[in-house]
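Trainee: structure, please.
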Amino acid sequence: MIHTADVREWRALDVVDSDSHKIGVLEAVYVDTTTDEPAMATVRTGLPTRHRLVFVPLDDAIVGPGYLKVGYVKTLVKQAPSIGTDDVLPAEQEEAIFKHYGLAYKPGAAGERQLARR
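Mentor: Modelled structure (predicted):
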């Protein structure tokens, strides 16, 4: 299991897919607001002048020396909803990320966001 205390050490790790193909570089980790456990990561992808941040779930993720391996293939991750490198994830776009990966989306009882950046 991935622990919240380790998150700060992960920044700038290479993110690789389930077949060890490099997807990009870890930018940030988002935690589930109900459990405060790491749930999603943003990965910086694209050309140096046209970077974007794609979201990938951290379920089944493994941290190794210099990399974070996620349980999804590169093509699926690259097609995921994304934001600009200086943007913030709008609340109304959270559900689309979960849907892209076939995961259930559970906002808070009062409609709070499910993800918070760490």
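Trainee: can you tell me how far the nearest residue to Leu58 once chain neighbours are set aside is from Arg11?
Mentor: Spatial nearest neighbour of Leu58, excluding adjacent residues (C-beta to C-beta, 6 or more residues apart in numbering): Pro38 at 5.0 Å. Bear in mind the C-beta positions are built from the backbone N, C-alpha and C, glycine included. Distance, Pro38 to Arg11, by C-beta to C-beta, to the nearest Å: 13 Å.
Trainee: same thing with Val63?
Mentor: Val63 is 12 Å from Arg11, by C-beta to C-beta.
Trainee: more neighbours: which of the two?
Mentor: Val63 (15 against 11; other C-beta atoms under 10 Å).
Trainee: pretty sure that one sits against Val15.
Mentor: No - applying C-beta atoms under 8 Å, one finds Val63 not in contact with Val15, separated by 10.6 Å.
Trainee: any common contacting residues for these two?
Mentor: Lys69 (C-beta atoms under 8 Å, 6 or more residues apart in numbering).
Trainee: next SSE after the helix or strand bottoming out on mean pLDDT in the chain?
Mentor: Of all helical and strand segments in the chain, the minimum by mean pLDDT, DSSP states H and E falls on helix 7-10, at a mean of 71. Once helix 7-10 ends, the next helix or strand along the chain (criterion: DSSP states H and E) is strand 14-16.
Trainee: what strands flank that next one, and is each parallel or antiparallel?
Mentor: Strands that pair with strand 14-16, judged by DSSP bridges, come out as strand 22-32 (antiparallel), strand 67-69 (parallel).
Trainee: any idea of the pLDDT on the residue nearest the centre of the chain?
Mentor: The centroid of the chain falls nearest to Ala41 when counting by C-alpha atoms, centre = their mean (2.0 Å). Note for Ala41: predicted pLDDT of 93.
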